[in-house]
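S.K.: Got a predicted model here, sequence first, then my questions.
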Amino acid sequence: MDWRPPVRNIMIAHSDGDMVISASELKRVAEVWNAPYVSLRSAVSPGERGCWGDDIHHDFLARDLIAQVVTLFQEFLQRCETTPPDSASAREH
């Protein structure tokens, strides 16, 4: 992947039990984008499906995953509020 989203704050969070998207691929993208990679873990078995057949890990549907994602998102929003835009970002947005 030779592009990066034009944003100043970026993070990749992924559930270890996700059977849809490979953790190794997302780790590689995080490295290329110079972005932090956060590995999430759940008590739910890897690949387990919800009542509509969706991978619970992929959609962060397990209660313990939802709690982790909400905390990460709150921290991310706080970081966005406290990170001043650089001059290039200010011109782009």
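M.R.: Okay, I see it.
S.K.: which strands and helices sit next to the helix or strand containing residue 74?
M.R.: Per DSSP states H and E, residue 74 falls inside helix 63-82. Using 3 or more C-beta pairs under 8 Å, 6 or more residues apart in numbering; DSSP states H and E, the elements in contact with helix 63-82 are strand 12-15, strand 37-40. Every residue, glycine included, has its C-beta placed from N, CA and C.
S.K.: from these, which stretch is densest packed?
M.R.: Highest mean neighbour count of those: strand 12-15, a mean of 20 (counted as mean count of other C-beta atoms under 10 Å).
S.K.: And the pLDDT at residue 90?
M.R.: Listed pLDDT for residue 90 reads 46.
S.K.: Report the central residue of the chain.
M.R.: residue 13 (2.5 Å; C-alpha atoms, centre = their mean).
S.K.: How much space separates the closest residue to that one other than its chain neighbours from residue 11?
M.R.: In space, residue 13 comes closest to residue 38 once its chain neighbours are excluded; the distance is 4.4 Å by C-beta to C-beta, 6 or more residues apart in numbering. From residue 38 over to residue 11 the distance is 6 Å, taken as C-beta to C-beta, to the nearest Å.
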